[in-house]
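Asker: give me the fold of what follows.
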Amino acid sequence: MESKVTPTVEGGLLTAVAVVLGLASVYLPLVGLFIEFFCAVPIVVLTVRQGIAKGALALIASFLILTMFIGPLLAMRIALSFGICGLVLGYCIKKNLSAVKCFVATLITSFFAQVIAIAILTFVMEINLMEIEMSSVKEMFDETFRIYEIAGMDKQVLNQLRGQVDATLAFMKYLMPFLLFLMGLINALACYITSKWVFAKLRMKFVEPMPKFAEWRFPKSILYIVAFSAIGVYWGETREWITLYTISVNIAFVSTGIGFLQGLSVLSATADDFNISKFWRRLFFIVIILNMLLIEIVAFTGLFDMAFDYRKKFSKKA
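Answerer: Predicted coordinates for the structure are as follows:
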């Protein structure tokens, strides 16, 4: 994209775009949720074109302006969730790093941005976000159970359901790091995908394409991480080491999720071998995602693939 404006004017325009997107994400119902995913793009573009210093200045300026209009909490959430991610992604693109390195750097940044946001809410503003969210979820289930009770549902069944819900909510408090990781993953994906789309429209160079999904492979070390996290979960639960249990459970969830991705990659490679259309494989993937048993089977398939490399052994193209 050939620029016909000075760097200062361009920086001001992109900062203004970032502010407008931030305001629209807050004040426009429903559509704002979609617009929010584009909040990082102006920072990415400016960082690629003028460097990380100018990108950081634009981020600070947009944060201060947004603070005046929507308050510090919402402005901080946008700046941390998308602004910093845009800064890092733009820097990685400018340095011509690979697509994988760009995304991993953005993901790590996004995760720590979530951690910082939670830390500020908890220790500075004394807001326990996890407790608020769990209370909201519990109230929602309580209201649902009341409706079932009025409808004449058996009380014994209702009590069993309440017990399951309470146990699940009690377990969820140990998964705060994993939930932050998921939030970071969603934000990183949004930042990467929207930036790639806008760069194509502006005819700017993005990063090289990601490897084909059927070729995704993660290191064997994930297997050892899963094994040690399982031992940690057992020791933490039996010996009541809460810290060890919490760390191990979160590591187990993340590493198993990686195994699930590799399992889907194996299935995608198999679909390629048998020339299965994209429609049918996507439908099959949706069915898998909606079934917990299938998710576990695919995850363990992916973990075993790290050790045995099924694609190399059985692929028709091998």
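Asker: pretty sure Phe181 contacts Val254?
Answerer: Yes - look at Phe181 against Val254 with Cβ atoms under 8 Å: they come within range, at 6.0 Å. To be clear about C-beta, it is placed using only N, CA and C from the backbone, and glycine gets the same treatment.
Asker: and Asn128, what's its pLDDT?
Answerer: The predicted local confidence for Asn128 comes out at a pLDDT of 69.
Asker: distance of Val233 from Ala252?
Answerer: Applying Cβ to Cβ, to the nearest Å, one obtains 6 Å for the distance of Val233 from Ala252.
Asker: I meant Leu158, not that one.
Answerer: 32 Å.
Asker: so where does Gly257 fall, helix or strand?
Answerer: With elements taken from DSSP states H and E, the one containing Gly257 is helix 242-273.
Asker: quick one: work out the angle between the very next helix or strand once past that helix and helix 242-273.
Answerer: Towards the C-terminus, the helix or strand next in line after helix 242-273, according to DSSP H and E, is helix 278-289. Our comparison of helix 278-289 with helix 242-273, counting by axes from the mean of the first three to the mean of the last three Cα atoms, to 10 degrees, yields an angle of 160 degrees.
Asker: between the helix or strand just after helix 278-289 and helix 242-273, how big is the angle?
Answerer: Per DSSP H and E, helix 278-289 leads on to helix 292-308 as the next helix or strand towards the C-terminus. Here helix 292-308 points in a direction 80 degrees away from that of helix 242-273 (the same axes, to 10 degrees).
Asker: so which other helices or strands are in contact with helix 292-308?
Answerer: When contacts are defined as 3 or more Cβ pairs under 8 Å, 6 or more residues apart in numbering; DSSP states H and E, helix 292-308 sits against helix 221-238, helix 242-273, helix 278-289, helix 310-314.
Asker: of those, which is nearest Pro211?
Answerer: Across the helices and strands packed on helix 292-308, Pro211 has its closest neighbour in helix 242-273 (9.7 Å, Cβ to Cβ).
Asker: so what's the gap between that closest one and the chain middle?
Answerer: Computed by Cα atoms, centre = their mean, to the nearest Å, the chain-centroid distance of helix 242-273 equals 14 Å.
Asker: list the buried residues of it.
Answerer: By neighbour count, with 16 or more other Cβ atoms under 10 Å as the criterion, the buried positions of helix 242-273 are 244-260, 262-272.
Asker: helices along the stretch 1-150 of the chain, start to end?
Answerer: Ranges of helices within the stretch 1-150 of the chain are 7-27, 31-35, 41-50, 52-70, 72-78, 84-94, 99-119, 129-150, based on DSSP state H, counting those that start in this stretch.
Asker: report the angle between the longest one and helix 99-119.
Answerer: In this structure, helix 129-150 runs at an angle of 80 degrees to helix 99-119, with the same axes, to 10 degrees as the basis.
Asker: helix or strand right after helix 129-150?
Answerer: helix 155-172.
Asker: alpha carbons only: can I get that next one in PDB?
Answerer: The C-alpha trace of helix 155-172 is given here as PDB (Å, rounded to 0.1, in the frame of the first residue of the first chain):
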ATOM      1  CA  LYS A 155     -37.100 -33.600  43.300                       C
ATOM      2  CA  GLN A 156     -34.600 -36.400  43.600                       C
ATOM      3  CA  VAL A 157     -33.500 -35.900  40.000                       C
ATOM      4  CA  LEU A 158     -33.300 -32.100  40.600                       C
ATOM      5  CA  ASN A 159     -31.100 -32.700  43.700                       C
ATOM      6  CA  GLN A 160     -28.800 -34.900  41.700                       C
ATOM      7  CA  LEU A 161     -28.500 -32.200  39.000                       C
ATOM      8  CA  ARG A 162     -27.900 -29.500  41.600                       C
ATOM      9  CA  GLY A 163     -25.100 -31.600  43.100                       C
ATOM     10  CA  GLN A 164     -23.500 -32.100  39.700                       C
ATOM     11  CA  VAL A 165     -23.700 -28.400  39.000                       C
ATOM     12  CA  ASP A 166     -22.200 -27.500  42.400                       C
ATOM     13  CA  ALA A 167     -19.400 -29.900  41.900                       C
ATOM     14  CA  THR A 168     -18.600 -28.500  38.500                       C
ATOM     15  CA  LEU A 169     -18.600 -24.900  39.700                       C
ATOM     16  CA  ALA A 170     -16.400 -25.900  42.600                       C
ATOM     17  CA  PHE A 171     -14.000 -27.500  40.200                       C
ATOM     18  CA  MET A 172     -14.000 -24.500  37.800                       C
END
